[in-house]
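Novice: could you look at this predicted model? Sequence included:
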Amino acid sequence: MRARRFEWEGAAATAASLRAWGAESAPEVDVGPIAREVRAEGDAAVLRLTARFDAPGASLESLRVDPAEADSALAVLEPELRAAMDAAVANIRRVAEAQIGEERTVELPAGQSVKLREVPVGAAGIYAPGGRAAYPSSVLMCAIPAQVAGVGRVALASPPGPDGRLRPLVLAAAALCEVEELYAMGGAQAIFALAYGTETIDSVDVIAGPGNAWVREAKRAVYGTVGIDSLAGPSELMLIAGHDTDPEWAALDLCAQAEHGPESPLVAAAVEERVLEAIAESAESAAASRPSVAEAPLALVRVADAEAAIELANAYAPEHLELLETDAALLADRVTTAGCVFVGRHGATAFGDYLAGSNHVLPTGGAGRYAGPLGPGAFRRRISNVEIDGAAAELAPHVDALAEAEGFPVHGESAMIRR
């Protein structure tokens, strides 16, 4: 773990310095050539690119995966793992269902009404990353909100393993969520295939799910052709430690996020120097004895007080924020930009990654300033039904005046004829 001290420059300036340092290890990515290959060659390009990047040496003959493979994978899960996945599904679904808004009608003074309603998109593509491991939790986090939203067609893409097949845990999670449209494809090519369609794959309306820099940039490139959930990048954690924070607990929380890779920025802020030193020492020791922990950047920031720590968090807008302060519950409501806030000494980010019910697909890179967790809303769109009827006589002169001012006289005529 690469630790570095940062001097306090004010919340905004310190946050900018933290972001700049964390971005130093980010790779330069150009997804344009992949997009052109997928659009020109369809299935052939996706198969070739997936074999090259995800399953070197494997013989890939088809993108589509038989859902019977998913049922088989679910059937042989170890009981403890099946129980854990069942619990995660129940919690994620319950939180997602609480986010569905009810239809309502607004009656306005002149007599017109506007009915506000939401409808699901027709098709959603969800991406479960692969690479070093299988991530069934990402299947659950994406598929369940899409289903709660009412999406009729959910297509799952995930990189195949070295044998060219979807990983059993991903298949099991898909079966648990009753997702039957499965594709063994990963990376940017999977995003382009879902967005533009191929001979095998019908295009979708929205793409959601976390991924590496290539996936993120592919999602950026297709936005506008399809909707996307967010531009989620490497996992992030900021923790605010109090005088009684257990440095070993804090260290394990930091190391847990460092398991996502060397590009995952970590920040620890505290008022007391001894607390920062204890966390840094414990994190270094914990990382050294755990092979799964990558050499992620750990920024250490000493702040004047809890108020300054919250100001820094709001300026930095971390994906995950842990408040390990005694007064964590009082501080939590003052956080306005984090993707997810974990309150109190027992609030490890790992709970949110798997079982708390909150979604682990969260805004990164400071996007918490304008975005939030993945939920059913990403798969729904608002529609307004407007009924004018008797209000036309009162509203038309105002429409006419505004239309004339903007140089659109026929707009005015269209309204005035209905008086």
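Specialist: Structure's in. What do you need?

Novice: quick one: list the elements packing against the host helix or strand of residue 171.
Specialist: In the assignment (DSSP states H and E), residue 171 maps to helix 168-176. Secondary-structure packing of helix 168-176 (3 or more CB pairs under 8 Å, 6 or more residues apart in numbering; DSSP states H and E): helix 67-75, helix 79-97, helix 136-149, strand 153-158. Where you see a C-beta, it was placed from the backbone N, CA and C, and this is true even at glycine.

Novice: got a list of what residue 310 touches?
Specialist: Going by CB atoms under 8 Å, 6 or more residues apart in numbering, residue 310 touches 240, 331, 334, 335.

Novice: got a winner among these for most neighbours?
Specialist: Sorting the contacts of residue 310 by how many neighbours each has (other CB atoms under 10 Å) puts residue 240 first, at 27 neighbours.

Novice: and that residue, that's in a helix?
Specialist: No: counting by DSSP: H, G, I helix; E, B strand; the rest coil, residue 240 falls outside a helix, being strand.

Novice: who are the contact partners of the closest residue to it other than its chain neighbours?
Specialist: Spatial nearest neighbour of residue 240, chain neighbours left out: residue 309 (4.6 Å); criterion: CB to CB, 6 or more residues apart in numbering. Listed by CB under 8 Å, 6+ apart, the contact partners of residue 309 are 240, 269, 270, 271, 303.

Novice: in strands, which of these appear?
Specialist: Within the contacts of residue 309, residues falling in strands by DSSP state E are 240, 269, 270.

Novice: verify the contact between the last one and residue 242 for me.
Specialist: So the one you mean is residue 270. Yes: contact status for residue 270 versus residue 242: in contact at 7.4 Å, counting by CB atoms under 8 Å.

Novice: more neighbours: which of the two?
Specialist: Taking neighbours as other CB under 10 Å, residue 270 and residue 242 compare with residue 270 leading, 26 against 19.

Novice: so what pLDDT did the more buried one get?
Specialist: On pLDDT, residue 270 comes in at 96.

Novice: touching, residue 51 and residue 63? I think so.
Specialist: No: Residue 51 sits out of contact with residue 63 when judged by CB under 8 Å, with a separation of 11.1 Å.

Novice: pick out whichever of those two has more residues nearby.
Specialist: Of the pair residue 51 and residue 63, residue 63 is the one with more neighbours under other CB under 10 Å, namely 22 against 17.

Novice: residue 72 versus the most centrally placed residue in the chain, what's the distance?
Specialist: The residue lying closest to the centre of the chain (CA atoms, centre = their mean) is residue 361, at 2.8 Å. Going from residue 361 to residue 72 by CB to CB, to the nearest Å gives 27 Å.

Novice: ok, now residue 209?
Specialist: When residue 209 is compared with residue 72 (using CB to CB), they lie 24 Å apart.

Novice: looking at the two, which is more packed in?
Specialist: Applying other CB under 10 Å to residue 209 and residue 72 shows that residue 209 carries more neighbours, namely 30 against 14.

Novice: tell me the contacts of residue 295?
Specialist: Residue 295 touches 1, 2, 258, 262, 287, counting by CB under 8 Å, 6+ apart.

Novice: shaky segments in the stretch 1-150 of the chain?
Specialist: The stretch 1-150 of the chain contains residues with pLDDT under 70 at 131-132.

Novice: hmm, 50 instead?
Specialist: Residues of the stretch 1-150 of the chain meeting the criterion pLDDT under 50: none.

Novice: and the end-to-end length of stretch 332-342?
Specialist: 8 Å (CA to CA, to the nearest Å).

Novice: quick one: that stretch to chain centroid distance?
Specialist: Remark: stretch 332-342 is offset 16 Å from the chain centroid, using CA atoms, centre = their mean, to the nearest Å.

Novice: repeat for stretch 268-287
Specialist: In this view, stretch 268-287 has its centroid 29 Å away from the chain centroid, taken as CA atoms, centre = their mean.

Novice: all helices for the stretch 151-300 of the chain, in order.
Specialist: Along the stretch 151-300 of the chain, the segments classed as helices by DSSP state H, counting those that start in this stretch run 168-176, 187-196, 213-222, 247-258, 273-288.

Novice: now render the ones you listed as a markdown table, adding mean neighbour count.
Specialist: Shown next, in a markdown table, are the helices of the stretch 151-300 of the chain (neighbours: other CB atoms under 10 Å):
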| stretch | mean neighbour count |
| --- | --- |
| helix 168-176 | 25 |
| helix 187-196 | 28 |
| helix 213-222 | 22 |
| helix 247-258 | 23 |
| helix 273-288 | 18 |
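
Novice: among those helices, which comes closest to residue 33?
Specialist: helix 187-196 (9.4 Å; CB to CB).

Novice: pull the CA atoms of that closest one into PDB?
Specialist: Taking C-alpha atoms only, helix 187-196 is exported to PDB below (Å, rounded to 0.1, in the frame of the first residue of the first chain):
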ATOM      1  CA  GLY A 187     -14.800  -5.400 -21.800                       C
ATOM      2  CA  ALA A 188     -15.600  -2.600 -24.100                       C
ATOM      3  CA  GLN A 189     -16.700  -4.900 -26.800                       C
ATOM      4  CA  ALA A 190     -19.600  -6.200 -24.600                       C
ATOM      5  CA  ILE A 191     -20.800  -2.600 -24.000                       C
ATOM      6  CA  PHE A 192     -20.700  -1.800 -27.700                       C
ATOM      7  CA  ALA A 193     -22.500  -5.100 -28.500                       C
ATOM      8  CA  LEU A 194     -25.300  -4.300 -26.000                       C
ATOM      9  CA  ALA A 195     -25.600  -0.700 -27.300                       C
ATOM     10  CA  TYR A 196     -25.500  -1.300 -31.000                       C
END
